[in-house]
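Novice: kindly return the folded structure for what I paste below:
(2 chains)
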Amino acid sequence: MPEQHESEGVVSSAGMGGAMDLAVSEAETLERTPGGPEGTGPAGKPRSLWSDAWRDLRRNPVFIISGLVILFLVVISLWPSLIASGNPLKCDLAKAQEGSQPGHPFGYDGQGCDVYTRTVYGTRISISVGVLATAGIALLGSVLGGLAGYFSGGYDSLMSRITDIFFAIPVVLGGLVLLSVVTSNTIWPVIGFMVLLGWTQVYRIARGAVIIAKQNDYVQAARALGASDSRILLRHIAPNAVAPVIVVATIALGTYIALEATLSYLGVGLKPPTVSWGIDISAASPYIRNAPHMLLWPAGALAVTVLAFIMLGDAVRDALDPKLR
Amino acid sequence: MGRYVVRRLLQMIPVFIGATLLIFLMVNVMGDPIAGLCGERQCDPATAAQLKKEFGLDKPVWQQYLIYMGNVFTGDFGTAFNGQKVTELMSTAFPVTIRLTIVAILFEIVIGITLGVVTGLRRGRPVDTSVLLLTLVVISVPVFVTGLLLQLLLGVEWGWIKPSVSTEATFGELIVPGLVLASVSLAYVTRLTRTSIAENRRSDYVRTAIAKGLPWHRVVVRHLLRNSLIPVVTFIGTDIGALMGGAIVTERIFNIHGVGFQLYQGILRQNTQTVVGFVTVLVLVFLVANLLVDLLYAVLDPRIRYA
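Specialist: Sure, this is the predicted structure:
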């Protein structure tokens, strides 16, 4: 991919802003061959924004820790039986609200279900909701935002007014109104609602990134060479505008997991027998005084998950945009 | 300046229409507005038709919207299905939520900006790292969990506050709920101020101010802080609308009878007029707050002028 190569070279000096500063400021501290104006490594191969970022990330303890936590969460959401042998739906009312016991470290919830098993199994739904909702907003937001940024003009101003409209509606409120009439037991209505009210967040970021990227010389060059709009967008602009979207999406993933819990608390999110942290937390909230363990374990799992995604997003942003350091 | 305000007000009109229309459609299309009236049973068809006619629900949705908006602009927000005027509900609910929002905004401004300045000036020190970690924890715990825990600890275990707020909802009672409502935004304000302060700390005008011998607090407050506040003011401004709308969760935890409470009741009982009326006002608040923020920019940075 010759153009790809070329564009990456230009980006690290002028494009995303700051990649060059990084190359210069780190030249003294890291064993990098000095003199290469485009951050040329020892092998003489031009270093891209991504390989620079990856090099930083590998040494960042925050990234390593949050990455490991997320890896662990993904593994147990795929194979929960690895660490929990019980059945999350097998409950014994006689044991309702009992505390920690041997073999049941987190105790029992209000229905006498094992809190540990339910917390482990809840990972799957919570992570799925977060991942699918984020994938949805990232896809919809970056396509619509990218087109608005690239084609400006009438489409852009129309879309910007539409995003203004969505921004004016408080999220939790929209969720209550839209989801209060849904009777479906699946996770899709919740995800659909999150995408519907969430895409504007990514839209703005993607639009801004594309507007910056399209002013670069290599875009002018590609246009002068007769490249079509779709080629310019996909081959030249998209690879250089995707970084901010990834950062926003990573942080948003955490917040969507928390939003699912909030909606479930208000009674309009997921519904039993789905096993999710949000459902368990909201089911436990009336009994917080007598049996706080029922609430604290799923809430703790939720907080750790959200924290891991936010920290991962922070680390990725620092690596991709060294100006913010 | 005057022309700028007029232009902005004109731009608000399509957003206002769009947002209210969206909510109107959501409420009317998604649910059956009269289903809530007959309790658990299905309405019998004759009664249903009669009720629909009475509330004007037999007309097409766009016509209902136009009639509704026409009424709103004459100050008539309609009647809730239980016969109470929506404006009456508003007059009891909004003062409570406004007080709650004021408490929350004060927390954001006072604690958030102070912490942001302190950490921004001491980047990488233990204070900075611990505050930063704390903000991350606050952001990652959902508000309703923070609220329930604070209510349990302060209200039930230690007895410092009353666990539920009375109907008067005085400022004193709203301190803890306000803190809960503000918590996540507070963390964002801290982080935003910190980044902004740390960035501007290296700028030339700060060096000049120090070089000409100004006392340190003056350098920080008049030079550094004033220039660093623009992103923070933007955030707090857009947050006003979000706080009032997001108060649903906080108001539910502490049993506060404000906007969130009325909206929640309205949505559960499918009370179209209440929901649309309250949301309309909330959207207006959001738009006006955004306009005020844009006007504040010029106060903070005189280089910004509105032609």
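
Novice: contacting residues around the residue nearest to residue B:120 when sequence neighbours are not counted?
Specialist: Nearest non-adjacent residue to residue B:120, counting by C-beta to C-beta, 6 or more residues apart in numbering or on different chains: residue B:197, 3.0 Å away. All C-beta atoms are positioned from the backbone trio N, CA, C, and that covers glycine. Counting by C-beta atoms under 8 Å, 6 or more residues apart in numbering or on different chains, residue B:197 makes contact with B:116, B:117, B:120, B:121, B:224, B:225, B:228.

Novice: buried members of those into PyMOL, please.
Specialist: Here is the PyMOL selection string for the buried members of those, based on 16 or more other C-beta atoms under 10 Å in any protein chain shown:
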select buried, chain B and resi 116+117+120+121+224+225+228
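
Novice: pipe the contacts of residue B:197 into TSV and attach secondary structure per row.
Specialist: Below are the contacts of residue B:197 laid out as TSV (DSSP: H, G, I helix; E, B strand; the rest coil):
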residue	secondary structure
B:116	helix
B:117	helix
B:120	helix
B:121	helix
B:224	helix
B:225	helix
B:228	helix
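
Novice: for the stretch 101-250 of chain B, which residues are neighbours of chain A?
Specialist: Contacts of the stretch 101-250 of chain B with chain A, taken as C-beta under 8 Å from any C-beta of the partner chain, map to B:136-137, B:139-145, B:148-149, B:152, B:156, B:195, B:238, B:241-242, B:244-246, B:248-249.

Novice: spell out for me the ChimeraX command that would select the buried members of the residues you listed.
Specialist: ChimeraX command restricting those to the buried ones, with burial defined by 16+ other C-beta under 10 Å:
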select /B:136,139,140,141,142,143,144,145,148,149,152,195,238,241,242,244,245,246,248,249
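
Novice: inside helices: which ones of the residues of the stretch 101-250 of chain B next to chain A?
Specialist: B:136-137, B:139-140, B:143-145, B:148-149, B:195, B:238, B:241-242, B:244-246, B:248-249 (DSSP state H).

Novice: what about residue B:132, neighbour count?
Specialist: A total of 17 residues lie near residue B:132 under the criterion other C-beta atoms under 10 Å in any protein chain shown.

Novice: nearest residue to it other than its sequence neighbours?
Specialist: Closest to residue B:132 by C-beta to C-beta, 6+ apart is residue B:119, at 6.7 Å.

Novice: what distance do you get for that neighbour to residue B:223?
Specialist: Computed with C-beta to C-beta, to the nearest Å, the distance linking residue B:119 and residue B:223 is 18 Å.

Novice: between the two, which one's more packed in?
Specialist: residue B:119 (25 against 18).

Novice: which strand or helix spans that one?
Specialist: helix B:113-121 (DSSP states H and E).

Novice: for that helix, packing partners?
Specialist: helix B:126-140, helix B:175-201, helix B:226-253 (3 or more C-beta pairs under 8 Å, 6 or more residues apart in numbering or on different chains; DSSP states H and E).

Novice: and that helix, average pLDDT?
Specialist: When pLDDT is averaged along helix B:113-121, the result is 90.

Novice: residues in contact with that helix: which ones?
Specialist: B:127-128, B:131-132, B:189-198, B:201, B:220, B:225, B:228-229, B:232.

Novice: drop anything exposed from those.
Specialist: For these, buried by 16+ other C-beta under 10 Å: B:128, B:131-132, B:189-198, B:201, B:220, B:225, B:228-229, B:232.

Novice: if we can go back for a sec, make a markdown table out of the helices and strands packed on helix B:113-121 and add mean pLDDT.
Specialist: Putting the helices and strands packed on helix B:113-121 into a markdown table (pLDDT from 0 to 100) gives the following:
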| stretch | mean pLDDT |
| --- | --- |
| helix B:126-140 | 87 |
| helix B:175-201 | 88 |
| helix B:226-253 | 84 |
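
Novice: enumerate every residue touching the closest residue to chain A within chain B.
Specialist: Nearest residue of chain B to chain A (C-beta to the nearest C-beta) works out as residue B:245 at 2.5 Å. Residue B:245 makes contact with A:169, A:170, A:171, A:172, A:173, B:260, B:282, B:286, according to C-beta under 8 Å, 6+ apart.

Novice: nearest to residue B:85, of the residues you listed?
Specialist: Within those, proximity to residue B:85 (C-beta to C-beta) peaks at residue B:282, which comes in at 18.3 Å.

Novice: which element is the closest residue to residue A:177 other than its chain neighbours on?
Specialist: Distances taken as C-beta to C-beta, 6+ apart place residue B:26 nearest to residue A:177, at 4.9 Å, with adjacent residues excluded. According to DSSP H and E, residue B:26 maps onto helix B:2-30.

Novice: so for that helix, mean pLDDT?
Specialist: 81.

Novice: need the next SSE after that helix, C-terminal direction.
Specialist: helix B:45-54.

Novice: now that following helix: buried residues?
Specialist: Neighbour-count burial for helix B:45-54 [16+ other C-beta under 10 Å]: B:48, B:51, B:52.

Novice: pick the one among these closest to residue B:301.
Specialist: residue B:52 (54.8 Å).

Novice: returning to that earlier point: residue contacts, the residue nearest to residue A:177?
Specialist: A:174, A:177, A:178.

Novice: state the pLDDT value of the first one.
Specialist: Think residue A:174. Reported pLDDT for residue A:174: 82.

Novice: what's the answer for the second one, then?
Specialist: What the model reports as pLDDT for residue A:177 is 80.

Novice: phi, psi of the closest residue to chain B within chain A?
Specialist: Using C-beta to the nearest C-beta, the single residue of chain A nearest to chain B is residue A:170, 2.5 Å away. As for residue A:170, its main-chain torsions (degrees, to the nearest 10) stand at phi -60, psi 140.

Novice: for the residue lying closest to it once chain neighbours are set aside, give its distance to residue A:198.
Specialist: Residue nearest to residue A:170 in three dimensions, not counting chain neighbours: residue B:245, with 2.5 Å by C-beta to C-beta, 6+ apart. For residue B:245, the distance to residue A:198 (C-beta to C-beta) stands at 15 Å.

Novice: check contacts around the closest residue to residue B:138 other than its chain neighbours.
Specialist: The shortest distance from residue B:138 to any non-neighbouring residue, by C-beta to C-beta, 6+ apart, is to residue B:187 (4.4 Å). By C-beta under 8 Å, 6+ apart, the contact list for residue B:187 reads B:112, B:134, B:135, B:136, B:138, B:139.

Novice: next one: residue B:226
Specialist: Taking C-beta under 8 Å, 6+ apart as the test, what residue B:226 contacts is B:300, B:301.

Novice: how about 7 Å then?
Specialist: Residue B:226 makes contact with residue B:300 under the criterion C-beta atoms under 7 Å, 6 or more residues apart in numbering or on different chains.

Novice: so how far is stretch A:264-272 from its chain's centroid?
Specialist: The chain centre lies 22 Å from the centre of stretch A:264-272; the measure is C-alpha atoms, centre = their mean, to the nearest Å.

Novice: what's the answer for stretch B:201-214, then?
Specialist: 37 Å.

Novice: the helices in chain A, which residues?
Specialist: Under DSSP H, chain A gives helices at A:2-14, A:19-27, A:49-58, A:61-78, A:115-151, A:153-167, A:171-179, A:188-214, A:217-224, A:229-231, A:238-265, A:277-284, A:293-320.
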